[in-house]
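**Q** show me how the following folds:
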Amino acid sequence: MKKKRFFSDAFAVYGGLILLLLAGIAAFVFRQDFSGWEKRYLAEVPGNMSLSSWTLNDDLESFLSDQVPFRQQLVNLHALTQVYTGRATQLESWPVGDAVTEQPVRADPETLMKRVAGMKELAGDTPCLFLTPPTAGMMRMDDMTAARRALYEEESAIYDQLTAEEGFVPLRETFEASSEPTFYYSDHHWNSTGTELAYRAYCSAAGLEPAAREAFTYTQYGHFHGTTFSRSGLPFVREDTLICAEPKAAVTLTIREDGAEYDHLIFPEKAETYDGYEVYLNGNHGMLTISNPEADGGTLLVFRDSFASSLLPYLSANYARITAVDVRYYPGSFRDAMEEAGEADQILFLYSLDSLANDTSISRKLRR
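**A** Here you go, the predicted model:
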């Protein structure tokens, strides 16, 4: 009896070790460089395999964790387990019905107000407006459990305090009154409905006549899954369609980094890449200029995050020149960008609540 038990224990131990060895070998043989599902580069093979290296264990663990066979299925299973055991808040993104949302934004109201004051001071005598969208979580609070709703109510209170400040374009009530969803199901950005509502709200605040829908060409790109979905680990989230607006007027897009010029603002080839959102304006850029000689709205300077990507094509129907600056990619400060852009008739600060609250590049480059 003891002998039989010994052999069964030995089989379990050695069998487990063999499986681990095979998994390790498979990780090296079948390794991948990039995960399109997670939209990130995977850990590389440790460059220093010396056992005397203090970093070997961490590097090797990261590599094996990224390359383990059936990793996607294991991550999916883990995420589903968290959801069905009532621990969904431990995920990076939280499921709400057939959508996923970012975690509630944690913000210090005093820091927020200081940043807004710094931006107003930067604008000086130039008229400026602020466009800060509500979050997808705020828009989906009614579909949440009471515990999760309470967390978004804290975020909501901070948002309402911020957007009550002078110069902020009201968006929340406009979004709440919409009969159509205003955010993507799989991403934290506003969708085509939200973008158009934001455009018309901005025009109203800036004293502009919004262009009619007939002034734009609309194209659609399906099978879009955003970064919020990629961080969730969940296998099933409703698929989105990117609906892109582009003015029919002859426009010119100029990218500061390389001086490249384009006669269009939407890039269909990007829709098939891992980051389909780059269909707008060919991705992220530190500074770009959009010229429209047919527009008579003067010049606009936009300090922005990624929410502006889908809005700038709309705004280009109203302004002869738009200069858009994303300080995450622009090498200089806010003031450097203002000098390089030249005199503007209007300044727009277009940032999400999370960017205003937590993007350190904003506070750092405002001080410079």
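**Q** what segments of this structure are strands?
**A** Counting by DSSP state E, one finds strands in the chain at the ranges 34-35, 40-41, 93-96, 99-102, 128-131, 216-224, 240-247, 252-255, 261-262, 287-291, 299-304, 321-325, 346-350.
**Q** would you turn the ones you listed into JSON lines with mean pLDDT, mean neighbour count and distance to residue 161?
**A** The way it works is simple: take the backbone N, C-alpha and C, and place the C-beta from them, glycine included. Below are those laid out as JSON lines (pLDDT from 0 to 100; neighbours: other Cβ atoms under 10 Å; distance: least, Cβ to Cβ, whole Å):
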{"stretch": "strand 34-35", "mean pLDDT": "58", "mean neighbour count": "14", "distance to residue 161": "39"}
{"stretch": "strand 40-41", "mean pLDDT": "60", "mean neighbour count": "12", "distance to residue 161": "34"}
{"stretch": "strand 93-96", "mean pLDDT": "87", "mean neighbour count": "23", "distance to residue 161": "23"}
{"stretch": "strand 99-102", "mean pLDDT": "92", "mean neighbour count": "25", "distance to residue 161": "20"}
{"stretch": "strand 128-131", "mean pLDDT": "98", "mean neighbour count": "20", "distance to residue 161": "13"}
{"stretch": "strand 216-224", "mean pLDDT": "94", "mean neighbour count": "14", "distance to residue 161": "33"}
{"stretch": "strand 240-247", "mean pLDDT": "95", "mean neighbour count": "20", "distance to residue 161": "31"}
{"stretch": "strand 252-255", "mean pLDDT": "97", "mean neighbour count": "18", "distance to residue 161": "37"}
{"stretch": "strand 261-262", "mean pLDDT": "96", "mean neighbour count": "14", "distance to residue 161": "40"}
{"stretch": "strand 287-291", "mean pLDDT": "98", "mean neighbour count": "21", "distance to residue 161": "31"}
{"stretch": "strand 299-304", "mean pLDDT": "98", "mean neighbour count": "24", "distance to residue 161": "21"}
{"stretch": "strand 321-325", "mean pLDDT": "98", "mean neighbour count": "25", "distance to residue 161": "26"}
{"stretch": "strand 346-350", "mean pLDDT": "98", "mean neighbour count": "24", "distance to residue 161": "17"}
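**Q** and residue 204, which of those strands is closest to it?
**A** When these are compared by Cβ to Cβ, strand 128-131 sits nearest residue 204, at 10.7 Å.
**Q** CA atoms only for the closest one, dumped as PDB, please.
**A** Taking C-alpha atoms only, strand 128-131 is exported to PDB below (Å, rounded to 0.1, in the frame of the first residue of the first chain):
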ATOM      1  CA  CYS A 128     -10.100  80.400 -23.600                       C
ATOM      2  CA  LEU A 129     -12.500  77.600 -23.000                       C
ATOM      3  CA  PHE A 130     -12.300  74.200 -21.300                       C
ATOM      4  CA  LEU A 131     -13.800  71.000 -22.600                       C
END
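**Q** picking that back up, could you dump the strands of the chain to TSV with distance to residue 185?
**A** Converted to TSV, the strands of the chain look like this (distance: least, Cβ to Cβ, whole Å):
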stretch	distance to residue 185
strand 34-35	21
strand 40-41	21
strand 93-96	9
strand 99-102	4
strand 128-131	23
strand 216-224	9
strand 240-247	6
strand 252-255	29
strand 261-262	30
strand 287-291	28
strand 299-304	24
strand 321-325	27
strand 346-350	23
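**Q** among those, which is nearest residue 205?
**A** Nearest to residue 205 among the strands of the chain is strand 128-131 (5.7 Å), distances taken as Cβ to Cβ.
**Q** other SSEs contacting that closest one?
**A** Contacting strand 128-131 under the criterion 3 or more Cβ pairs under 8 Å, 6 or more residues apart in numbering; DSSP states H and E are the following elements: helix 109-123, helix 192-206, strand 346-350.
**Q** tell me the angle the last one makes with helix 109-123.
**A** Using axes from the mean of the first three to the mean of the last three Cα atoms, to 10 degrees, one finds that strand 346-350 and helix 109-123 are set 160 degrees apart in direction.
**Q** what's the spacing between residue 357 and residue 110?
**A** Using Cβ to Cβ, to the nearest Å, residue 357 is found at 11 Å from residue 110.
**Q** apologies, that question was intended for residue 326.
**A** 25 Å.
**Q** the two: who's more crowded?
**A** residue 326 (20 against 8; other Cβ atoms under 10 Å).
**Q** and the more buried one, its phi and psi?
**A** Backbone torsions for residue 326, taken as degrees, to the nearest 10, come to phi -110, psi 100.
**Q** so it sits right up against residue 304, yeah?
**A** Yes - if you go by Cβ atoms under 8 Å, residue 326 and residue 304 touch, sitting 5.6 Å apart.
**Q** re earlier: which of the helices and strands packed on strand 128-131 comes out lowest on mean pLDDT?
**A** Here the lowest mean pLDDT among the helices and strands packed on strand 128-131 goes to helix 109-123, at a mean of 94.
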